[in-house]
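Asker: Fold the following.
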Amino acid sequence: MSGSDGLAGGIIIGNLAAPEPLPFKRVLVANRGEIARRIFRTATTRGLQSVAVFSEPDRGAAHVRDADIAVALGGNTSAESYLVVDKILDAARKSGADAIHPGYGFLSENPKFAQAVVDAGLTWIGPTPDSIRAMALKIEAKRLAEAAGVPLVPGAEIDADAPEPKLISTASKVGFPLLVKASAGGGGKGMRIVADATEVLEAVTAARREAESSFGDPTVFFERYLTGARHVEVQVFGDAQGNVVHLFERECSIQRRHQKIIEESPSPGTTDKTLKKMYAAAVSLTKEIGYVGAGTVEFLVAGEGKGQEFFFLEMNTRLQVEHPVTESVTGLDLVDWQFEVAAGHDLPLSQDRISRSGHAIEARLYAEDPANGYLPSTGLLAAFKSPRSGADSASTREDSSVETGDEITPYYDPMISKIISWEGTRELAAKVLADDLRNREIAGVTTNRALLVAILESEEFLAGTTPTSFLEDNPSLAAADPVPASGRRKAAMNAAICLAMTAASDSPWRQTIPIGWRNVAAVPQRQVLEFETAGQAETLNVDIEWRSPDEGLVTVTLVDPLGGISEPAVEFRVPGGLARDSYDGFDFPLEVQFDGVTRSVHVGCDQGWIWVSDSVDSITFKIPPRFDDPSAHAGGGGPSAPVPGTVVSVEVAAGDVVTEGQTLVVLEAMKMEHKITAAVDGVVDEVLVEVGSSVDAHQVLVTLKSEDLKSEEEASNGAGEKARKKSEEKASNE
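Answerer: Have a look, this model is predicted:
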């Protein structure tokens, strides 16, 4: 296996005692990305062979490269590949797999799939089909929890054919604000927050559509939205002999669109008294249903101190995304525990032998732009490198789905990696994690790195006072600047000089023309770079003056777009001088001398991106093309797709009169829906897509005429173009 992800916090691979032999030898993981790689890692330590399955977009993915055997499923979307039971079972047959692990998401909480695996004579590494049936559907889980005396958040079921008046009356009884939630699955999919009765029908329709796409089940229900509450969950494990233990709690209150992005253990805001009650409730419910395997009982915690209360949310009958947090504080391998339980063995440890130490925090790194409505980002990952050079420290772990050179596609969830820190104190764990995020080299796609760092360094997080509404209450964090302006200007100078050096070394006239030579000496050698900040591109112009190439000395000056000097000239020195024939594929160290201080940095460049890393930050710039791409200006104006995706709903037809802000088309990308809206009042001239259409970024979806039916030329050149630009800015994730 090529995966190098390690385990932090004293993780023990396997059981504490010498493990018994397992009755299966080859494990197929019916999943993708980082969770598939994670399971393969433990499989290898137990001497098991690993089998990957993959869709067409994942043909060259990291989890496919890691596996001993890989089987193609065909198709692009999850509905065409990872959600097709017959394809998964056929892959097991072809590969000779005798066990299947579902990972999380996809079919992991589908009792029909679990039963099909068992009926096929394969070992199912997960809860029994009966356990999944009891808890995987949230509506049924609430009934069982209520019968067991566990306090519930107020809510209501919804009939599949309920008319709009019935939906509104039911929602009103629950009370606003409320959540529309998918009964199957999780991860924030199929979930909408509703402020008042006017939003009910649209929220139910969208949640049903997303739930059907993600989990194959459109059933949704209402639940009161508790403000100011925390999201705290208890990890449980059961075996076939009836033994059940808990492995403490994780707090998951930092969420965007009801999907967790930072998780930790211990919970900083839950009292010991509340935790003891939660542990007991979680274990009691797990025993009540005869649960076997790994599971998580999730709660909302409201209030502080003696008045603190907790309410049952749901039980996830699978391994959680955030399971490394528990592994880090307990030193246990939960995947290995799953193998043991699936083999029919007793739980590796009894409750009195399970302990935890230190504090662990996990951050989910997403390919998305928080400053631009969390818009997903796709493309070639030109650089993806940990500041630890791929080796985990004693206190830091990474579970990643990607490596440098991988393609980020629009078909699946945008999470690309999880970074987990473990330290003796919460404050130190937060600092280590923030430093790791800030220093890693990432180029080619936009990520939420700056947001994660801003959260970890915020006063509220460090004080442990962050409810589930934290990001909604602090929208400025989404627009966090990843580095100070002064830092990126210095980095731009480093990047510019390296680009100039590489161009010189690659020139066929390298031996006859001095480096930095130009026809008109008075005109400076200039490099233009772009930096994305808060959803906008900032242009930086760097002028270069070669002083002594043989000694490796060069002076650069940053100028503003109007030509004024923005920064004083900076002198650079390159180890070995500039007169070199090769620069190692543009991946080399640079020494910067400025104001009497020498500083070492690392610069890399690929696929139109250049990044500069030092001991403080890693900053990425885009290298704009020398000439505009004519195709970028081709085509008519109108609302366009902000990202590549699939059309899931067309809300208008030619001739319809629309108003500013009205939804025209709904696009699905990376398992999230995006509304494409009208930026101006007008009349639909032509709808250029239909449900099921695959579209590219910036592809025009609908053309509009101005409302008073002026000429097509005037509408296209005026309102149409304005609509195209504004719709890209206003396209929102649902």
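Asker: where does the stretch 401-550 of the chain dip in pLDDT?
Answerer: Applying pLDDT under 70 to the stretch 401-550 of the chain picks out residues 482, 503-524, 534-535, 548-550.
Asker: mind listing the helices for it?
Answerer: 426-439, 449-456, 459-463, 470-473, 485-506 (DSSP state H, counting those that start in this stretch).
Asker: who's in contact with the shortest one?
Answerer: Spelled out, it's helix 470-473. Contacts of helix 470-473 with the rest of the structure, by CB atoms under 8 Å, 6 or more residues apart in numbering, involve S253, I254, Q255, R256, I455, E460, F461, P467, L477, A478. Using the backbone N, CA and C atoms, a C-beta is placed for each residue, glycine as well.
Asker: relative orientation of the strand or helix carrying the first one and helix 449-456 in degrees?
Answerer: According to DSSP states H and E, S253 maps onto strand 244-256. Angle, strand 244-256 to helix 449-456, by axes from the mean of the first three to the mean of the last three CA atoms, to 10 degrees: 110 degrees.
Asker: Against which helices or strands is strand 244-256 packed?
Answerer: In this structure, strand 244-256 makes packing contacts with strand 230-238, strand 259-265, helix 272-288, helix 323-330, helix 470-473, judged by 3 or more CB pairs under 8 Å, 6 or more residues apart in numbering; DSSP states H and E.
Asker: Now mean neighbour count and distance to V84 too, for these, in a markdown table please.
Answerer: Supplementary listing: the helices and strands packed on strand 244-256 in a markdown table, determined by neighbours: other CB atoms under 10 Å; distance: least, CB to CB, whole Å:
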| stretch | mean neighbour count | distance to V84 |
| --- | --- | --- |
| strand 230-238 | 25 | 29 |
| strand 259-265 | 25 | 25 |
| helix 272-288 | 18 | 31 |
| helix 323-330 | 27 | 26 |
| helix 470-473 | 17 | 35 |
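Asker: Distance to V341 added to the ones you listed, as a markdown table?
Answerer: Supplementary listing: the helices and strands packed on strand 244-256 in a markdown table, determined by distance: least, CB to CB, whole Å:
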| stretch | distance to V341 |
| --- | --- |
| strand 230-238 | 7 |
| strand 259-265 | 22 |
| helix 272-288 | 13 |
| helix 323-330 | 14 |
| helix 470-473 | 35 |
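Asker: Nearest to D696, out of the ones you listed?
Answerer: Closest approach to D696 among these is made by strand 259-265 (25.7 Å; CB to CB).
Asker: contact partners of that closest one?
Answerer: 187-188, 231, 248-252, 254-255, 321-322, 325-326, 328-329, 356, 359-364, 366, 426, 429, 448, 451-452, 455-456, 461.
Asker: ok, H602 - how many residues close by?
Answerer: 16 (other CB atoms under 10 Å).
Asker: helix, strand or coil for it?
Answerer: strand (DSSP: H, G, I helix; E, B strand; the rest coil).
Asker: I figured it hits E591, correct?
Answerer: No: between H602 and E591 there is no contact under CB atoms under 8 Å: 10.9 Å.
Asker: hmm, back to that, closest to I610 among the contacts of helix 470-473?
Answerer: Nearest member of these to I610, counting by CB to CB, is A478, at 25.6 Å.
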